[in-house]
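Chemist: structure for the following, please:
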Amino acid sequence: MNSRGLRSQLKDSVPVAGLCPHGTYGLQDSLRSGFSSVKNELLPSHPLELSEKNFQLNQDKMNLSTLRNIQGLHAPLKLQMEYRAARQIQRLPFLQSSNLALDTLKGSDDVIGFEDILNDQTQSEMMGEPHMMVEYKLGLL
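Modeler: Numbers count the residues shown, from 1 in each chain. Below you'll find the model as predicted:
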């Protein structure tokens, strides 16, 4: 693969916040974010992998533009405002949130996907000391 093709793929990719969380000194905070994985930091090996990572984002953009063309500018703005409000409803920082309200708004609450079966949050390695995680979330640390 030449460098020009790789550069265009990287330009089209969407940066995902939280993939490489760095602490105050530029190092990863393993206590809060778990151990780092080299696999997460590698470039996609196939063009379809990049397309699959961005599928839901592209689908949402297409749905919002269709909604704007059909109903006007107010409809996608109202829907995005409702999404933002539903994203803010969460449990305490040390408990995983199911985001049921957001799934209901997006219409994906009745879809059983790969992550629903194999991504059991109760067996997650992302468990920490509750008081410290709440203080970090509130910015007290």
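Chemist: now the longest helix anywhere in the chain, how far from the chain's geometric center?
Modeler: Of all segments of type helix in the chain, defined using DSSP state H, the longest is helix 55-71. Centroid separation between helix 55-71 and its chain, computed with Cα atoms, centre = their mean, to the nearest Å, is 18 Å.
Chemist: could you do stretch 64-84 as well?
Modeler: Between the centre of stretch 64-84 and the centre of its host chain there is 21 Å, according to Cα atoms, centre = their mean.
Chemist: check stretch 33-52 too.
Modeler: Here stretch 33-52 shows a centroid-to-chain-centroid distance of 14 Å under the convention Cα atoms, centre = their mean.
Chemist: how about that stretch: buried residues?
Modeler: 33, 50 (16 or more other Cβ atoms under 10 Å). C-beta: built from backbone N, CA, C; applies to glycine.
Chemist: output it in PDB with nothing but the alpha carbons.
Modeler: Once non-C-alpha atoms are left out, stretch 33-52 reads as follows in PDB (Å, rounded to 0.1, in the frame of the first residue of the first chain):
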ATOM      1  CA  SER A  33      -8.700   3.300  31.900                       C
ATOM      2  CA  GLY A  34      -7.300  -0.200  32.100                       C
ATOM      3  CA  PHE A  35      -4.300  -1.700  30.300                       C
ATOM      4  CA  SER A  36      -3.400  -0.400  26.800                       C
ATOM      5  CA  SER A  37      -3.600  -2.600  23.800                       C
ATOM      6  CA  VAL A  38      -1.300  -2.400  20.800                       C
ATOM      7  CA  LYS A  39      -4.100  -3.700  18.600                       C
ATOM      8  CA  ASN A  40      -6.200  -0.500  19.300                       C
ATOM      9  CA  GLU A  41      -3.400   1.700  18.100                       C
ATOM     10  CA  LEU A  42      -2.700  -0.100  14.800                       C
ATOM     11  CA  LEU A  43      -3.900   1.200  11.500                       C
ATOM     12  CA  PRO A  44      -6.700  -0.600   9.800                       C
ATOM     13  CA  SER A  45      -5.400  -3.500   7.700                       C
ATOM     14  CA  HIS A  46      -8.100  -3.500   5.100                       C
ATOM     15  CA  PRO A  47     -10.200  -0.600   3.700                       C
ATOM     16  CA  LEU A  48     -13.500  -2.400   4.700                       C
ATOM     17  CA  GLU A  49     -12.300  -2.400   8.300                       C
ATOM     18  CA  LEU A  50     -12.300   1.400   8.300                       C
ATOM     19  CA  SER A  51     -15.700   1.500   6.600                       C
ATOM     20  CA  GLU A  52     -17.200  -0.800   9.200                       C
END
